[in-house]
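1. the sequence and its predicted three-dimensional model are supplied below.
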Amino acid sequence: MKKENIVLLALPVFACSILLYLSGSGDFEFFTEEEPVTLSQKTEAVKRYNSSKEQEYDKQLESGFDEYQTIYQEEHAAFKAQINDQWGEFKPSSDTEWVSYVDQGHIRRSINYESGKVSVELLVTETESLNTSVKRHLEKEVFSLLNTTEAEAFRVDEVAQKVEARLPSNFRMIKRGVPSEKRLFSFDDLVSVKFNNSGFVKVSADTINAVTNDVRPAKVDGKKIIRSSFSINKSTLQKAIRYADVVQASSEKQEVPAALIYAIMESESSFNPMAKSHIPAYGLMQIVPRSAGKDATRHLYGKAKILAPSYLYSTDNNINVGSAYLHVLYYKYLRKVKDPQSRIYCAIAAYNTGTTNVARAFIKKKNFNKAVKHINRMSSKEVYQTLVKRLPYKETRNYVKKVSKKMKKYLEVDSIVGSVYIRS
């Protein structure tokens, strides 16, 4: 048979095979294509990718927090050692008292927002006398303190400045801010203090508090301390009014009562905008970057962020973050608590100690989902009594009492409390 005829006979067979393959009946592996990817498979692949990216982000975030903590501890320890060498003691800032060292550490200024006491201390040589020159120097420093803004207070905070400088400048997880030009003292505070012609500060006749001036030995050889101290109005309501606009806006945005925000602020810092604890926690609402800061920024920005000192020393930012954290506690972590008032009490406790410790007050275990069953069988009064009697830490038991009591005070002040109520 001719080759041409063989080819012609083979063509119909080959054509049939192609048709069978295209119809799905053939079994020719050399023509096999990959199975088409379904929508559900694509969705699952995207989820896996996003999950891996989120895990990577969270890992970097935790590493960032570790670095932040290390930097803070190193700078705080170095500054403490420096001041100890100069003064023979170290008086740190706290939640209710702002302490600032200026003039290369030779001048110590402090404002106690809880007691209202203010002092300016000069560290001088032992032979220095309380002469006109020293009096004028002291008066100048008192005047400077009375006119200090929040931004200036941040600029002279050596630890905060060094921490800020060491944090990576281009790290996408870090949020920085700009402290405001609001004064640390209100107008009423400023007019209660005046300066006489003798070169020494004194309190005006409108206030019952006088200026106390004293000289005492320092705790380091060859030095002494010359101090001027006086008191300012410690009315917390007047302090609260200074932040009314931002509190009201945060209250409406986060759907939490303004009275609760005020009560937290007073309990945490006595309205000290430069408050700082050793943890560290910063500002009016004592935000801890690694806990409240992380939860609040995830709610505010969609991703958790590391909040630099400059961000949290901005009073507007601090109130916004604290209010956002209250929102997260109330509407997310505590959402299964049915009674709104019971949930408020639990949120107050959780702001101080976390939800797992709140659970321990009810079931002695760190499982809030199980604790909810017990909470929902109680009245709000019973929930309150359980918290103030059985929370693991005395500090938190007292905190619940304190904040709850202060809330009532702010609810009675129409001028600073809005009409926003929480939704259940």
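-> Perfect, I can see it now.
2. low-confidence ranges, the protein, go.
-> For the chain, the stretches flagged by pLDDT under 70 are 1-35, 170, 191, 194-209, 412-424.
3. show me where the protein has its strands.
-> Using DSSP state E, the strands of the chain run over 97-102, 107-112, 117-125, 174-175, 193-195, 201-203, 212-217, 223-231, 276-277, 281-282, 306-307.
4. contacts for the first one, please.
-> This points to strand 97-102. Here strand 97-102 makes contact (C-beta atoms under 8 Å, 6 or more residues apart in numbering) with 83, 91-93, 107-114, 153, 156-158, 184, 272, 274-275. For the C-beta atoms, the positions are set from N, CA and C on the backbone; glycine is no exception.
5. ok, the fourth one next?
-> Strand 174-175 is contacted by residues 64, 167-168, 297, 301, 305-308, 311 when judged by C-beta under 8 Å, 6+ apart.
6. now, of those, which are buried?
-> Among these, the ones that count as buried by 16 or more other C-beta atoms under 10 Å are 64, 167, 297, 305-308, 311.
7. of all those, which two lie farthest apart?
-> Greatest spatial distance among these (C-beta to C-beta): Leu167 and Thr297, at 15.3 Å.
8. and which of the buried ones among the contacts of strand 174-175 is nearest Asp245?
-> Relative to Asp245, the closest of those is Tyr311; by C-beta to C-beta it sits at 19.3 Å.
9. I figured that closest one was touching Asn317, is that so?
-> Yes. At 5.3 Å, Tyr311 counts as touching Asn317 under the criterion of C-beta atoms under 8 Å.
10. now the most centrally placed residue in the chain: how far from Ala308?
-> Among the residues of the chain, Ile287 comes closest to the average C-alpha position under C-alpha atoms, centre = their mean, at 1.9 Å. According to C-beta to C-beta, to the nearest Å, Ile287 and Ala308 sit 12 Å apart.
11. select the longest helix from the chain.
-> Using DSSP state H, we find that the single longest helix of the chain is helix 39-87.
12. so which elements touch that helix?
-> Helices and strands touching helix 39-87, by 3 or more C-beta pairs under 8 Å, 6 or more residues apart in numbering; DSSP states H and E, are helix 158-166, strand 306-307.
13. sheet partners, orientation included, of the last one?
-> Strand 306-307 has the following sheet partners, assigned by DSSP bridges: strand 174-175 (parallel).
14. give me the neighbour count for the residue nearest to Lys239 when sequence neighbours are not counted.
-> Once flanking residues are discounted, Lys239 sits nearest to Phe271: 3.8 Å by C-beta to C-beta, 6 or more residues apart in numbering. As a burial measure, Phe271 scores 23 neighbours (other C-beta atoms under 10 Å).
15. so Phe271 versus Gly283, what's the distance?
-> 11 Å.
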